[in-house]
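Asks: coords please:
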Amino acid sequence: MTKLSVNINKIATLRNSRGGNVPNLLKVAKDIENFGAEGITIHPRPDERHIRYQDAIDLKEIVTTEYNIEGNPIQKFIDLVLLTKPTQVTLVPDAIDAITSNAGWDTIKNESFLSDVISTFKNNNIRTSIFVDPVSKMIEGAAKVGADRIELYTESYADDYAKKNLEGIKPFTNAAILANKLGLGINAGHDLSLDNIKYFKENIPNLLEVSIGHALISESLYLGLENVVNMYLNKLK
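Replies: Purely as a prediction, here's the structure:
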């Protein structure tokens, strides 16, 4: 079964919009786990506009499922990951001012940098994943730099699915087949939703984990958080 890791950035955004501690990020994380999700994902950014670095430290004490920290491995981020030692670190090449992640790594151009960063994390027993587009050379590069997994950047799939273009899944299926051959675990995330997750899951061999935040939290406004978490779990079976 593919694991569901819930990205709780949007909960932090809502909290920060008014100051204080409502909604309580730690309670929401505990609730999400109690509802059946198998992981919690956060993506702290340098300006701490949603997840704060202290949140990452506090969550380490209460998350009992898989703990995944995403981000661009600038030194401040590297230090945070080494301090908290999550289950997994997902390396994302987002610019400091990016609203959201919008591209995968060029694993060839950044081979030396990624190799060094991944070596640091793996020496601390932290599983590493690299955010990539479904491009063969980039996936081969991810294996070369020593990553344990890739996270497929799924925005183009979500766009195609919304347009009823089911052929948009093919690059992702082919990417997964290649990753499997190279011994890379497969994660996926970005714009996955209740509408498109089942078809994606059915066409990605050995999909280990999906990380979903924006859609899941938005859908929960209408359907309730516990209900939505379980709807995803059912679609991922």
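
Asks: so what's Leu82 closest to, chain neighbours aside?
Replies: Asn124 (5.9 Å; CB to CB, 6 or more residues apart in numbering). Using the backbone N, CA and C atoms, a C-beta is placed for each residue, glycine as well.

Asks: tally of neighbours for that neighbour?
Replies: 11 (other CB atoms under 10 Å).

Asks: which residues of this structure fall in strands?
Replies: 3-7, 39-42, 66-71, 88-91, 127-132, 149-153, 185-189, 207-212 (DSSP state E).

Asks: give me whichever of the ones you listed is most buried.
Replies: strand 88-91 (a mean of 27; mean count of other CB atoms under 10 Å).

Asks: before we move on, the earlier item: turn the strands of the chain into CSV, including distance to Lys201 and mean pLDDT.
Replies: Below are the strands of the chain laid out as CSV (distance: least, CB to CB, whole Å; pLDDT from 0 to 100):
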stretch, distance to Lys201, mean pLDDT
strand 3-7, 11, 98
strand 39-42, 16, 98
strand 66-71, 18, 97
strand 88-91, 19, 98
strand 127-132, 18, 98
strand 149-153, 12, 98
strand 185-189, 9, 98
strand 207-212, 6, 98
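
Asks: turn these into JSON lines, including distance to Leu82.
Replies: Converted to JSON lines, those look like this (distance: least, CB to CB, whole Å):
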{"stretch": "strand 3-7", "distance to Leu82": "21"}
{"stretch": "strand 39-42", "distance to Leu82": "16"}
{"stretch": "strand 66-71", "distance to Leu82": "11"}
{"stretch": "strand 88-91", "distance to Leu82": "9"}
{"stretch": "strand 127-132", "distance to Leu82": "13"}
{"stretch": "strand 149-153", "distance to Leu82": "19"}
{"stretch": "strand 185-189", "distance to Leu82": "21"}
{"stretch": "strand 207-212", "distance to Leu82": "21"}
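
Asks: which of these sits closest to Ile177?
Replies: Of all the strands of the chain, strand 185-189 sits nearest to Ile177, with 9.9 Å by CB to CB.

Asks: who's the residue nearest in space to the middle of the chain bridged to?
Replies: Central residue of the chain (CA atoms, centre = their mean): Ser211, 4.1 Å from the mean position. Ser211 has the following beta-bridge partners by DSSP bridges: Ser5, Gly189.

Asks: what sits against it?
Replies: For Ser211, the contacting residues are Ser5, Val6, Asn7, Gly39, Thr41, Asn68, Glu70, Thr90, Glu151, Asn187, Ala188, Gly189, by CB atoms under 8 Å, 6 or more residues apart in numbering.

Asks: over to Thr2?
Replies: Lys201, Leu207, Leu208, Glu209, Val210, Leu236.

Asks: and the pLDDT for it?
Replies: The model reports Thr2 with a pLDDT of 97.

Asks: any chance you could list what contacts stretch 55-66?
Replies: Stretch 55-66 is contacted from outside by 3, 5, 12, 25-26, 29-30, 33, 37-40, 42, 44, 67, 69, 80, 83-88, 209, using CB under 8 Å, 6+ apart.

Asks: buried residues in it?
Replies: For stretch 55-66, the neighbour count (16 or more other CB atoms under 10 Å) marks Asp55, Ala56, Leu59, Val63, Thr65, Glu66 as buried.

Asks: so which of these sit within helices?
Replies: Asp55, Ala56, Leu59 (DSSP state H).

Asks: so where's the chain uncertain?
Replies: Scanning the chain for pLDDT under 70 picks out 95-102.

Asks: give me that answer again for 50
Replies: 99 (pLDDT under 50).

Asks: now do the helices in it.
Replies: Going by DSSP H, the chain shows helices at 9-18, 25-34, 53-60, 75-84, 111-122, 136-144, 155-162, 170-182, 197-203, 214-223, 225-235.
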